[in-house]
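Undergrad: got a predicted structure here, sequence first:
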Amino acid sequence: MSAESANGTMTVRPGRAARHDFAAIARWIRSGAHVLDLGCGDGTLLRTLRETRAANGYGIEIDDAKIVASVRNRVNVIQSNLESGLSGFESHSFDYVILSQTLQAVRHTEDLLREMLRVGREGIVSFPNFGYWRLRTQILLGGRMPVSKNLPYEWYNTPNVHLFTIADFESFCVAHGIRILERIVMNERGERIGFLPNLLGAVAVYRLDAGRA
Amino acid sequence: MNSTTPAAALAAPGSVGVVTAKRVDFQRPLPLRSGAVIDRYELAYESYGTLNAARSNAVLVCHALNASHHVAGTYAEDPRSVGWWDNLVGPGKPLGTDRFFVVGVNNLGGCHGSTGPASINPATGRHWGAQFPLVTVEDWVEAQARLADELGIERFAAVIGGSLGAMQALQWTISHPERVRHALVIAAAPKLSAQNIAFNEVARQAITTDPDFHGGDYYAHAVVPRRGLRLARMLGHITYLSDDAMAEKFGRALRTGSIKFNFDVEFEIESYLRYQGDKFSEYFDANTYLRITKALDYFDPAAECGGDLAKAMARAKAGFLVVSFTSDWRFSPARSREIVKALVDNRLDVSYAEIDAPHGHDAFLMDDERYHGVVRAYLDGIDVR
C-alpha cells in the first residue's frame, strides 16, 4: 500500500511520519463508531480506526490516485469535492465527522464546518497552527513565508488557502456557536503542549459539537 | 469448468485465448415478473479461469443492451471475434482470470444463443416472435441464479456490469443478498428518467413502424425490419457518446471535402452512424431490442418501497464499487450518486469513483487507466481463498 501513497501528486496532508494527530484522533473515537473522514487521503486514518477501534464509515476524497490508494487500503471512499457540501449524507448519520489537516485547504470554511456538525454528532478538526513559534520566526526574522514539516509548501504551490492560528480558530468557534469539547495541542514530535499552546504548538486537534441552545 | 483451450497459449498476452460458448437447457418453468411463465429455455454462457475448490472465486459479468455472453477471448473460427469486455477480463487484467472464475451469460430473450424471440417455441414449432414474453432485470437475475446453481456456484465473489449490466448487478444484491459478496455497478442509474424512456420509445417506434416488422412475426415472412433497427441503433449511438467525443472524433469533417447539396452521406458523423446502424441490423434481432429497452424502462427497484431507494437497498449485504463517468449524459454521475447515497444510508460498504473521461456513456467499455485502476484495486481486495 505504500506504493500508492508514494505517488508524486500534491498532497494536502503532510507525510504519515508527521501524523501525530491520527493517534490523538484514534483515542477519542469510541469503539464501533460510525465515522466520516473528510479528505481521507490514502485511507490510512480510516484503516487505523478500523483496526484499533473497530470503527467503520467512509472517506471523502477528490484525487484519483488517492481513491485507488484508499480502495487498496480496503476502506470505503467516495469521490467528491468537499467544497460542494455534504448533501449526500443525512443529518446526524455519523458519530464523528473528521477533518484532519484539511480545513486550511478548504475555501468555504464556514459552510463546511456547519455541514460537518449537521452530519456528525461530533466533529474532529486538526490543523497546523500558524502561530507556532518557528513559523512566526521565519516571517519575522527571515522575511519569508514559512515552510515546515506540517506546512511543507512554498507560497506558490500550497493548497492551503486559509492559514490560521489556534487563537483564530477558537474565536471562530465562539462566533459560530461551535462548542469545543476537548483540545490537544502538540509540538512537531507529537508531544502534548500545555503551556503557551498558540506559540509552542505545531498541530492542534479539537473535538467539537454544535452546542446546545 | 474452463472453456479456455490450449490455443490460449498462442493468443495475445492478457487474453483468455480461444473460447467456446456452452449452453444449459433448463426444463423447470421460470415465472416472470409480467405473470407469464417460460416452461423451458436455454441459456448460452462462457467461462474463463478455474472455479477453485472452495467455489469462492466466481464472478458474474452481466451484459448491457447489445452484448452477450462472449465477454473475453476469441472464437477459433474468427480471430476478430474479440469479446466485448476483453480489455477488462483476462490473465493479469483488472478482472484477472488467473484469480477469478469469470462467467458471462446471454440474457433470456437475447439473440446470441439463449432462448429469445427468434428461437423456436417448442409449444408451436414456430418462432416465438411476438409471443415471446416481456422480460425484466429481475427475470434475468433469476435465470442467472439458476445458471449459477447449475455451475455449482452458491455465492459469487462479485457480480459486475456496466449500464444495463450494472442494473443487474444491483438487482442481484436485492434479490439474492446472500449470494453476492461484492457488486461492481458501473455507469448505472437506479431507474430511467423520462428522457431515457423517451429515447427508448423513439427506438421502438422506429422498429415497430418498419413495414417489415409484421407485428413482430417477421420471421415467417423471411424479412427483418432492418430500417427500424438501423434507426434505433443510430439514435442509441448518439446517446452513448458525448458531444465532446463526437466533436473530437468527427467534428464537421466531410467525406469528400466539399458540400454536395444532396442527401447522400456528406458529413463523417453521418457515415459513422449509417455504418453502425447497418452493422447492427445484420446481427441483432429486433424483437430482442424491443424487449431489452422495455427491461430498461421497467427497472426501478425503489418503486415497491414507495420510491425510497434506501429502503429498497436495505436488504443488500454486498460491498459495492460504484463508478460513473463525468461525460456520461445518459446515466450521469448524479444518478450514480443516488445509488451511493442509498447504500450509505444503509451503512453498506461502498466506494465511489467519478472518472473524468470524455467518452460519454460508452466510457465503461473503454480502456481508461484511472477507471481500470480503481476496478483493479477493488477486485484485488476481494478475498478468494
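TA: Alright, I've got the coordinates. Numbers count the residues shown, from 1 in each chain, chains lettered A, B, ... in the order given.

Undergrad: would you list every one of the strands in the stretch 101-250 of chain B?
TA: Under the criterion DSSP state E, counting those that start in this stretch, strands of the stretch 101-250 of chain B are mapped to B:101-105, B:120-121, B:126-127, B:158-162, B:182-186.

Undergrad: now those in TSV, with mean pLDDT and mean neighbour count?
TA: Placement of C-beta: from N, CA and C, glycine included. TSV is the format used below for those (pLDDT from 0 to 100; neighbours: other CB atoms under 10 Å in any protein chain shown):
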stretch	mean pLDDT	mean neighbour count
strand B:101-105	98	27
strand B:120-121	96	14
strand B:126-127	96	16
strand B:158-162	98	28
strand B:182-186	98	27
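
Undergrad: those: which one's closest to chain A?
TA: strand B:182-186 (11.6 Å; CB to the nearest CB).

Undergrad: let's have the strands of the stretch 101-250 of chain B in a markdown table, adding distance to residue B:287.
TA: Supplementary listing: these in a markdown table, determined by distance: least, CB to CB, whole Å:
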| stretch | distance to residue B:287 |
| --- | --- |
| strand B:101-105 | 19 |
| strand B:120-121 | 12 |
| strand B:126-127 | 9 |
| strand B:158-162 | 22 |
| strand B:182-186 | 27 |
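
Undergrad: can I get these in JSON lines including distance to chain A?
TA: Shown next, in JSON lines, are those (distance: least, CB to the nearest CB, whole Å):
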{"stretch": "strand B:101-105", "distance to chain A": "20"}
{"stretch": "strand B:120-121", "distance to chain A": "47"}
{"stretch": "strand B:126-127", "distance to chain A": "47"}
{"stretch": "strand B:158-162", "distance to chain A": "14"}
{"stretch": "strand B:182-186", "distance to chain A": "12"}
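
Undergrad: which stretch among those strands comes nearest residue A:57?
TA: Judged by CB to CB, the one of the strands of the stretch 101-250 of chain B that comes nearest to residue A:57 is strand B:182-186, at 18.5 Å.

Undergrad: for the residue positioned nearest the centre of chain A, name its beta-bridge partners.
TA: The structure's chain A has its C-alpha centroid closest to residue A:100; by CA atoms, centre = their mean the separation is 1.4 Å. As for beta bridges, residue A:100 partners with residue A:126 under DSSP bridges.

Undergrad: repeat for residue A:207
TA: Here residue A:207 sits in beta bridges with residue A:124, residue A:182, going by DSSP bridges.

Undergrad: what's near enough to touch residue A:132?
TA: Residues near residue A:132 by CB atoms under 8 Å, 6 or more residues apart in numbering or on different chains: A:148, A:150, A:199, A:200, A:201, A:202.

Undergrad: close enough to count as contact, the first one and residue A:202?
TA: Translated: residue A:148. Yes - at 7.3 Å, residue A:148 and residue A:202 qualify as touching, with contact defined as CB atoms under 8 Å.

Undergrad: if you count surrounding residues, which of the two has more?
TA: Between residue A:148 and residue A:202, counting by other CB atoms under 10 Å in any protein chain shown, residue A:202 is the more crowded of the two (25 against 17).

Undergrad: may I have the residues that are in contact with residue A:205?
TA: Contacts for residue A:205 (CB under 8 Å, 6+ apart) come out as A:21, A:24, A:25, A:124, A:125, A:126, A:183, A:184, A:185, A:186.

Undergrad: quick one, what contacts the residue of the stretch 1-150 of chain B found nearest chain A?
TA: Distance from chain A to each residue of the stretch 1-150 of chain B (CB to the nearest CB) is smallest for residue B:94, at 11.5 Å. For residue B:94, the contact set (CB under 8 Å, 6+ apart) comprises B:88, B:372, B:375, B:376, B:379.

Undergrad: alright, that wraps it up for me.
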